[in-house]
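Trainee: after the sequence you'll find the predicted model.
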Amino acid sequence: MFKNKNFIKLLISFTCILGYFNLYGTILNELFTKYLLSEWELSMIGGLANILALIGVMLISILIDKYKKYKISFIILNAIGLLSHIAMTMILELSKDNLFILTAILWSICSISILPIYTCSMDFVCELTYPVGESISGGFIMSCTQISGIIAVKNFF
């Protein structure tokens with residue numbers, strides 16, 4: 001696996017992106033409380049984002065499975081996730097009106113675009129590392145992501 005340059009590129013980008021997403025999932029409550037969102041609003045934002053992200057995973061997985069365009073799917077999902085995160089950050093810092101609604105929409109878009117990266121990457125890593133077993137390549141890439149998230153959370157606090 002480590003001789004495959006494409007695997008290494010996917011490993012690094014996947015680890016950074018989903019390590020960040022794990023970090024945000026962990027600190028979301030503390031982050032949004034800074035912007036005076038209530039506990040109820042935070043719960044609604046998280047719940048809405050999770051439900052929409054699961055629907056997004058289902059729909060995007062069907063498309064990825066049908067067309068087998070892993071790399072372009074990975075790039076598009078990351079671009080949408082990055083842009084929605086930047087927009088959410090700007091809204092949090094610059095807007096005081098409709099903060100709950102805008103944050104819920106933008107965090108949901110971010111979740112809808114980033115959560116399917118798991119599916120896309122697992123399929124992609126299996127294609128890249130064939131004949132290595134799916135459980136070995138997928139397990140390794142997921143372990144790196146979890147370690148990245150733990151390090152990011154540890155450094156945050």
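Mentor: That came in fine, so what should we check first? Quantities reported herein were computed from a predicted structural model and do not represent experimental measurements.
Trainee: and for Glu93, the neighbour number?
Mentor: For Glu93, the neighbour count with other CB atoms under 10 Å is 8. C-beta coordinates here come from the backbone N, C-alpha and C atoms, glycine included.
Trainee: ok, the spatially most central residue of the chain - contacts?
Mentor: Nearest to the geometric centre of the chain sits Ile114, at 3.1 Å (CA atoms, centre = their mean). Ile114 sits next to 17-18, 21, 53, 77-78, 81 when contact means CB atoms under 8 Å, 6 or more residues apart in numbering.
Trainee: where's the dip in pLDDT among the residues you listed?
Mentor: Least confident by pLDDT among the contacts of Ile114: that is Phe21, with 80.
Trainee: that residue: which element?
Mentor: helix 5-33 (DSSP states H and E).
Trainee: ok, and the closest non-adjacent residue to Phe14?
Mentor: Distances taken as CB to CB, 6 or more residues apart in numbering put Ser121 closest to Phe14, at 4.9 Å, once the chain neighbours are dropped.
Trainee: what sits against the one you found?
Mentor: Going by CB under 8 Å, 6+ apart, Ser121 touches 10, 14, 74, 141.
Trainee: just the angle between whatever helix or strand Met142 lives in and helix 5-33, please?
Mentor: Met142 belongs to helix 134-156 when assigned by DSSP H and E. Relative orientation of helix 134-156 versus helix 5-33 (axes from the mean of the first three to the mean of the last three CA atoms, to 10 degrees): 40 degrees.
Trainee: distance from helix 134-156 to the middle of the chain?
Mentor: The chain centroid and the centroid of helix 134-156 are separated by 13 Å, computed with CA atoms, centre = their mean, to the nearest Å.
Trainee: secondary structure class for the most far-flung residue of the chain relative to its centre?
Mentor: Most distant residue from the mean C-alpha position of the chain: Pro131, 27.4 Å away (CA atoms, centre = their mean). Secondary structure, DSSP: H, G, I helix; E, B strand; the rest coil: Pro131 is coil.
Trainee: how much space between it and Phe32?
Mentor: 45 Å (CB to CB, to the nearest Å).
Trainee: what is the mean pLDDT for stretch 27-41?
Mentor: Computed over stretch 27-41, the average pLDDT equals 84.
Trainee: count residues in the vicinity of Tyr24, would you?
Mentor: 20.
Trainee: do the same with Leu115
Mentor: 21.
Trainee: about what we covered before: retrieve the pLDDT associated with the residue nearest to the centre of the chain.
Mentor: Ile114 is given a pLDDT of 87.
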